[in-house]
Each structure stands twice: as structure tokens, then as C-alpha cells.
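K.L.:
Kindly generate the corresponding structure for this input.
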Amino acid sequence: MDAALQAAQARLRSILETVPDAMIIIDQRGSVESLSTTAERLFGYAAGEVVGRNVKMLMPAPHREQHDGYLGRYLKTGERRIIGIGRVVVGQRKDGTTFPMHLTVGELRLDHRHYFTGFIRDLTDQQMTESRLNELQSEVTHMSRFTALGEMASTLAHEINQPLTAISNYLKGCQRLLERMEGEQALVLRTAVGKAADQALRAGHIIRRLRDFVARGESERHVESLPKLIEDASTLALIGARENGVEVSFRLDATADLVLADRIQIQQVLVNLIRNAIEVMVESPNRRELEIATVANADETIEVSVADTGAGLAPEVAAHLFQPFVTTKRRGMGLGLSICRTIVEAHGGRIWVDARPGGGTIFRFTLRAAKVEEPSLAE
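P.N.:
Numbers count the residues shown, from 1 in each chain. Predicted structure coming up:
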């Protein structure tokens, strides 16, 4: 019997030393019976500091004060709130710091006694990744709205200034005609027409100032890792791609590494092109393959391409695709690709579209290659 007990204890110790997730065994009073090596590292305690003490020492307030009540209620009523279900809770290390963790609890009954085994997975890295993804999405969304404002302001300034100039000219012509007329009514009309012409000119000045203000928006360019920019943008843009049956591949030139760029703006270009490609392929019955590639050119530029296997573009659409308010989408505003062109050209590059051999479309744009010792530019 002693030999069997010793063998069982040896097997338990082996499990506790090798199990990848943190593992803690407690009795029905909440006292720790044993814990795995991973749990020791996770919580910062040696086994001797925890065994025999209440497991609530590994919890922050108010969970620490509530734990015994939860345990007592389960033993009395059998109502399960976490056993066999699992949930995200908060743990506390020896140094007092807390961290998110996923806890799954199993139950063992032996000689009318209850034992509970907790399996713990640290969610710190996952939470940081989700936080970074949310931050990146917020940055790109903000920049997208700001750039869209600039594109709309520029377009509206050009389109509205022309009719405003015509209105002003017509009003001045009316004013000259009224100057040949006499009488109190003619004087009132001349005054009113003159004020209307002044207001038309004022409206033109307001629109031009808005365009100039947005055009002077701050753009800070630094030496950035292009593979890292692509990785971050892809993380955001490829959400849902796999569920839609899109196969994604990367073909990155090892020599196409550093570029001089505004990180958020170039990520915005990449996100726009990748999402457009996915949307086009989702509507197509053909195979869905997306390839993102880079290549270093001899003229010290780097070309980035996003290729899809969608239905392709008609030549008459491709010729005007980067102009404002031109779109192939039923609900699109037609500003996305125009914004991409504005950003790329502001970086000294160019953007264009080619037909993909075998069907589909390839969007390409260039950026200036940079060197490690090259200073960043803030414009």
C-alpha cells in the first residue's frame, strides 16, 4: 500500500513539474494541497510558501474576501458558477501586481472529501495584443477620417469656387447695370447686390482657407521597418479574411527593409488596399487568393503590391480609379483610393493599378528606401 501511495505521489509530482499551464489543487476548505512549477513561476511563490494556506492569497480584493463564501455556497447548494465552465478572472502575484487569467476548475471527490483542481492560463500577452490592435485601429481610423476631410475639402474648394466665382461675376455685372439706373429702388438694389457679391467672395475665401489648413496637416516621417508596417496593417485588415475563404501569402524582399514614411499614413494605405481586395474577392465566385509583396528597385525606391484574384477592373474604370468620388462599390464614397494616392504622392511615391495575369487586380505603390543612419523628417 505504501509503495502504491508513493508511486501515485511520484506521478503527481511529475505532472506538477511538467504541466504547461499553471495548476493548483485545493481542498474543500480552500487550502492549497499542491501547485505546479508553472504556477510557482506565474505567482512568484515557492510551493512551501503557499501549500497549507488558503488559495485566496493568490487573489486581489474583493475576490479574496468573497472566495470562501463562493466555496461554502457550492458545497451547500451544489450550484456551479465556475466549476467545469471556466471564466476570465484576476490573479495576484507575490509582489502585489495583478494580471488577467483564464481559470478552469475541476472537482474530485475522494472519501467524502472534495478536492478542486484549478488550471490557469495567463492572458497578459493576449490582452496586450488585443490592446495594441485596438490602438492601431483607432489610430488608422482617426487618420483615415482626417485625410478624408482633407480630400473632401480640396475637392469641394475646387468644385465650389468655380460657381462662386461665376455668381460673383454675375452680381458685379448686375451692379454695373444698376448704376445706370436712377431712383431710390435702384440704390437699394445696388447696395443689396454689392453685399451679395461680397458674401460670394467671402465664401470662396473660407473654402480656400479650409483647404489650405487641411493641406498643412502635420506629417512626421521616420525611418520605419516596412515588414513591420505590413505586419501591423495586415493584423488589422485581415480580420475575417480566413472566415471568408481568403488565402493570404506574403512575398517580402529581404533587401526591401527600411523606408522613410509616416507610419500611420502608410498603414492606412495598406489597410485600404487589403480590405478593398478582400471585399472584391468575397463578391467573386473565383478562388480567393491575396498576395502582399515588396521588391527593392534600382532607383532607391521600394515597390509594395497587393494582388487579388477578384473580377478585375474595366479599363474605363481603372483610368479614373484614383480620382475623388469614383467608386465600384454600391455604398462607397469613392474617397479611399483618392486618399491613398494623396498619401503616397505626399511621400514622393506613385500609385497605380495593373491587371493580374490569370484574372484579378494588382495595386502597386512606391516609397523611398531609407538607411539606418538616415535622419527622420518632420514636416
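K.L.:
what sits up against the longest strand along the chain?
P.N.:
In terms of residue count, the longest strand belonging to the chain (DSSP state E) is strand 98-110. Identification of contacts with strand 98-110 by Cβ atoms under 8 Å, 6 or more residues apart in numbering yields 22, 60, 82-93, 114-124, 127. From N, CA and C alone the C-beta is placed, and that goes for glycine too.
K.L.:
quick one: the strands in the stretch 251-379 of the chain?
P.N.:
Assigned by DSSP state E, counting those that start in this stretch, the strands in the stretch 251-379 of the chain fall at 258-261, 289-296, 301-308, 351-355, 361-368, 377-378.
K.L.:
For the fifth one, name the packing helices and strands.
P.N.:
The one in question is strand 361-368. Helices and strands touching strand 361-368, by 3 or more Cβ pairs under 8 Å, 6 or more residues apart in numbering; DSSP states H and E, are strand 258-261, helix 263-282, strand 301-308, helix 336-346, strand 351-355.
K.L.:
tell me, which of the ones you listed is the model least confident about?
P.N.:
For these, the bottom mean pLDDT is recorded on helix 336-346, which sits at a mean of 82.
K.L.:
Give me the distance from that one to the chain's centre.
P.N.:
19 Å (Cα atoms, centre = their mean, to the nearest Å).
K.L.:
Show me which parts of that helix are buried, residue by residue.
P.N.:
Residues of helix 336-346 classed as buried: 336-344, 346 (neighbour count, 16 or more other Cβ atoms under 10 Å).
K.L.:
And stretch 104-119, by the same measure?
P.N.:
104-105, 116, 118-119.
K.L.:
cool, stretch 28-45 as well?
P.N.:
Buried residues in stretch 28-45, counted by 16+ other Cβ under 10 Å: 28, 30, 32, 34-36, 38-40, 42-43, 45.
K.L.:
re the thing from before, pipe the strands of the stretch 251-379 of the chain into CSV and attach distance to residue 235 and mean neighbour count per row.
P.N.:
Listed next are the strands of the stretch 251-379 of the chain as CSV, based on distance: least, Cβ to Cβ, whole Å; neighbours: other Cβ atoms under 10 Å:
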stretch, distance to residue 235, mean neighbour count
strand 258-261, 18, 22
strand 289-296, 12, 19
strand 301-308, 15, 22
strand 351-355, 22, 16
strand 361-368, 19, 21
strand 377-378, 26, 12
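K.L.:
got JSON lines for the ones you listed, with distance to residue 227 too?
P.N.:
Formatted as JSON lines, these follow (distance: least, Cβ to Cβ, whole Å):
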{"stretch": "strand 258-261", "distance to residue 227": "10"}
{"stretch": "strand 289-296", "distance to residue 227": "8"}
{"stretch": "strand 301-308", "distance to residue 227": "11"}
{"stretch": "strand 351-355", "distance to residue 227": "20"}
{"stretch": "strand 361-368", "distance to residue 227": "13"}
{"stretch": "strand 377-378", "distance to residue 227": "21"}
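K.L.:
if we compare those, which one ends up closest to residue 169?
P.N.:
strand 351-355 (37.7 Å; Cβ to Cβ).
K.L.:
who's in contact with the residue lying closest to residue 241 once chain neighbours are set aside?
P.N.:
Excluding the flanking residues, the one nearest residue 241 by Cβ to Cβ, 6 or more residues apart in numbering is residue 278, at 5.5 Å. By Cβ under 8 Å, 6+ apart, residue 278 lies in contact with 237-238, 240-241, 244, 246, 290, 308.
K.L.:
can I see the domain layout of this protein?
P.N.:
2-122, 127-215, 220-378 (automatic domain parsing).
K.L.:
quick one: which of those domains has the weakest pLDDT on average?
P.N.:
Per-stretch mean pLDDT for the domains of the chain is lowest at domain 127-215 (a mean of 69).
K.L.:
from what I can see residue 288 touches residue 280, true?
P.N.:
No. Counting by Cβ atoms under 8 Å, residue 288 does not reach residue 280; the two are 9.5 Å apart.
K.L.:
quick one: secondary structure of residue 48?
P.N.:
Put simply, residue 48 is helix when judged by DSSP: H, G, I helix; E, B strand; the rest coil.
K.L.:
got a list of what residue 77 touches?
P.N.:
Contacts of residue 77 (Cβ under 8 Å, 6+ apart): none.
K.L.:
For residue 69, see how far away it is.
P.N.:
Using Cβ to Cβ, to the nearest Å, residue 77 is found at 12 Å from residue 69.
K.L.:
can you list the buried residues of helix 336-346 in TSV and add distance to residue 270?
P.N.:
Putting the buried residues of helix 336-346 into TSV (distance: Cβ to Cβ, whole Å) gives the following:
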residue	distance to residue 270
336	12
337	13
338	16
339	12
340	9
341	14
342	15
343	10
344	11
346	16
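K.L.:
nearest to residue 189, of these?
P.N.:
Checking the buried residues of helix 336-346 against residue 189 by Cβ to Cβ gives residue 338 as the nearest, at 43.3 Å.
K.L.:
just the buried residues of stretch 28-45 now: which is nearest residue 367?
P.N.:
Closest approach to residue 367 among the buried residues of stretch 28-45 (Cβ to Cβ): residue 42, at 43.2 Å.
K.L.:
Make sure residue 227 is indeed in a helix.
P.N.:
Yes. Checked against three-state DSSP, residue 227 lies within a helix.
K.L.:
Roughly how far does it sit from residue 266?
P.N.:
Counting by Cβ to Cβ, the gap from residue 227 to residue 266 is 12 Å.
K.L.:
Tell me which of the two has more neighbours.
P.N.:
residue 266 (26 against 16; other Cβ atoms under 10 Å).
K.L.:
Next up, the contacts around residue 241.
P.N.:
Contacts for residue 241 (Cβ under 8 Å, 6+ apart) come out as 248, 278, 290.
K.L.:
picking that back up, now tabulate the buried residues of stretch 28-45 in CSV and tack on distance to residue 198 and secondary structure.
P.N.:
Shown next, in CSV, are the buried residues of stretch 28-45 (distance: Cβ to Cβ, whole Å; DSSP: H, G, I helix; E, B strand; the rest coil):
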residue, distance to residue 198, secondary structure
28, 88, coil
30, 82, coil
32, 84, strand
34, 87, strand
35, 82, strand
36, 81, coil
38, 78, helix
39, 78, helix
40, 80, helix
42, 73, helix
43, 75, helix
45, 79, coil
